[in-house]
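[1] sequence below, structure please.
(chains A and B)
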Amino acid sequence: MSAVFSHGRLRLYLLKLLAEGPKHGYELIRLLENRFLGLYAPSAGTIYPRLARLEAEGLVSHAAAGGRKVYEITDGGRAELAHRAGELAELEREIHASVADLTSLATEIEQQVSGSVRDIKRELREAARQSRGGSRPPWGGRARWTSPAADELERAFGELSAEVARIARRPGLGEGDLRAALGVLHRAAEELRRLGR
Amino acid sequence: MPSWTVTEPQKLVLDEPVTRLEVVLFGGRLNVVGTDGPPRVEVGTASELPVVVTLTDGRLEIRHESPKTWPGPLKPLWWWLLGIRKVAVQVSVAVPYDTAAHLTLTSGPVVVSSTRGELTVDCTSGRVALLGVAGRIRAKVVSGPIEALGCAGELSLETVSGEITIADAAVHRLAAKTVSGALTADLDNPPHDSDLRLDTISGEITVRVREDSDLEVRLAAIGGRVSCDFPELYRSGHSALSGRLGKGTGRLVANAVSGHVALLRRPVDEEFES
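    Numbering: from 1, shown residues only, chains lettered A, B, ... in the order given. Model prediction:
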């Protein structure tokens, strides 16, 4: 399906979509997906570099709105679009033809769904297997006691380890800060040891 | 009221708007796609039982011609004879994106893509594939898998002996149930206010959510093992995990009886957010 978009034609089609009104990248992806009945869904990695190139060439501009970049066609872009009107009409005709035969279209949809779904399933199963191997409860087995306080304890431990992981991963923390954190842990461990005696 | 009785392969292009689609067929395959073009109906291989297509006030109905069965006690025999004849029919329909669709196919695959209205699919034995469907979606299969790719909205899926796989989904409500099939869900939700419920008896649950999710989580497996990639969750009993991710505005509940449950972490695609 994506064969329709060879040789810079995706670029042309993006310009055409933007000529219909300003849009953000995600909207463009959804629109392309709709035009192709869900069969061609370009990734962000396909769209954003092309938008950036169009912008560098002065054919589109962007404004930040609500944390997202909204792209708009410039006069230069409109001129380019007018210049390549014949090419665009040909492209539209091909797009239309590619979705005209419903039955073969549906077969393609089914293949795409089962292919992607199979990949995801394999990926997640593998990740789950690794997660099962690696993640044991904090004390290596299941809790011996069941009481609200024990639950509380386990929750507190989970939060503590999450906090430690956050600190350890945070960039910009100095050696001194890490030593201080270590001190806190040592003191807590000491107290706990006293309780356990 | 335009009406067609189709006995051989035929393509119909409708010039009236369609807002609702109702299909009831015995067997074969059924494809429904949302488009911005005119509504179309394609009947491929036709069955011995003619297919009737009617369009009334925006409601497009596709069903078999109601058969004249034999009376009284002979009726089951008639249905049995029908069963051994060829009733399979291949129907493809293109409707506007926001059409509400209610699809019933007794046996055979159902493919739906790009619709945004309400969707219900009932299938006794067959495979259901959903691609880029949004809105309130309900699909039920007795024997066969359900696969949903890139769906959004409210998703309610149920199968007895098949698997359910949901990939690349941005659903804010999800209820998925299997009896013996695996349940796999890869969710890319906006990380708050989601309501996610996954249940299985003997299948395995694998669910991946975004690492910045705001979810109150409860995972339980009676005979299986529960594992997760989020250190924030704590063990709340024998093979059960619960806790809060982020602000906990949404809810994730997964229950398995004899299978494993695994909760995985999905890194956030930074480029997509920019």
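[2] near chain A, which residues of the stretch 51-200 of chain B?
    B:90, B:92-94, B:97, B:109, B:111, B:113-114, B:129-132, B:147, B:149-150, B:165, B:167-168, B:182, B:184, B:186 (C-beta under 8 Å from any C-beta of the partner chain). Where C-beta positions appear, they are placed from N, C-alpha and C, glycine not excepted.
[3] excluding its backbone neighbours, what's nearest the residue in the stretch 151-274 of chain B positioned nearest to chain A?
    Here the stretch 151-274 of chain B gets closest to chain A at one residue, B:Ala262, 3.6 Å apart by C-beta to the nearest C-beta. Nearest residue to B:Ala262 in three dimensions, chain neighbours excluded: A:Ala128, at 3.6 Å (C-beta to C-beta, 6 or more residues apart in numbering or on different chains).
[4] confidence score at that neighbour?
    pLDDT recorded at A:Ala128 is 87.
[5] for the residue nearest to the spatial centre of chain A, what are phi and psi?
    The centroid of chain A falls nearest to A:Ala44 when counting by C-alpha atoms, centre = their mean (8.0 Å). Dihedral angles of A:Ala44 (phi, psi; degrees, to the nearest 10) stand at phi -60, psi -40.
[6] helices or strands up against the worst-scoring helix or strand of chain A on mean pLDDT?
    Across the helices and strands of chain A, mean pLDDT, DSSP states H and E gives its lowest value to helix A:148-169, namely a mean of 73. Secondary-structure packing of helix A:148-169 (3 or more C-beta pairs under 8 Å, 6 or more residues apart in numbering or on different chains; DSSP states H and E): helix A:175-196, strand B:234-237.
[7] just confirm the residue nearest to B:Ala262 is within a helix.
    Yes - counting by DSSP: H, G, I helix; E, B strand; the rest coil, A:Ala128 is found in a helix.
[8] tally of neighbours for it?
    A:Ala128: 24 surrounding residues under other C-beta atoms under 10 Å in any protein chain shown.
[9] ok, it - contacts?
    Applying C-beta atoms under 8 Å, 6 or more residues apart in numbering or on different chains, one finds that A:Ala128 lies in contact with B:204, B:206, B:227, B:260, B:262, B:264.
[10] mind checking which of these land in helices?
    Among these, DSSP state H puts none in helices.
[11] with pLDDT, neighbour count and distance to B:Ala139 as new columns, can those be given to me in JSON lines?
    As requested, the contacts of A:Ala128 are exported to JSON lines (pLDDT from 0 to 100; neighbours: other C-beta atoms under 10 Å in any protein chain shown; distance: C-beta to C-beta, whole Å):
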{"residue": "B:Glu204", "pLDDT": "93", "neighbour count": "21", "distance to B:Ala139": "20"}
{"residue": "B:Thr206", "pLDDT": "95", "neighbour count": "30", "distance to B:Ala139": "19"}
{"residue": "B:Ser227", "pLDDT": "89", "neighbour count": "25", "distance to B:Ala139": "28"}
{"residue": "B:His260", "pLDDT": "91", "neighbour count": "20", "distance to B:Ala139": "24"}
{"residue": "B:Ala262", "pLDDT": "94", "neighbour count": "30", "distance to B:Ala139": "24"}
{"residue": "B:Leu264", "pLDDT": "92", "neighbour count": "21", "distance to B:Ala139": "24"}
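[12] for B:Pro67, find the nearest of the helices and strands packed on helix A:148-169.
    With C-beta to C-beta, the closest approach to B:Pro67 among the helices and strands packed on helix A:148-169 belongs to strand B:234-237: 55.5 Å.
[13] strand partners of the next helix or strand after that closest one, parallel vs antiparallel please.
    Toward the C-terminus, strand B:234-237 is succeeded by strand B:240-245 as the next helix or strand (DSSP states H and E). When pairs are called by DSSP bridges, strand B:240-245 turns out to pair with strand B:215-221 (antiparallel), strand B:234-237 (antiparallel).
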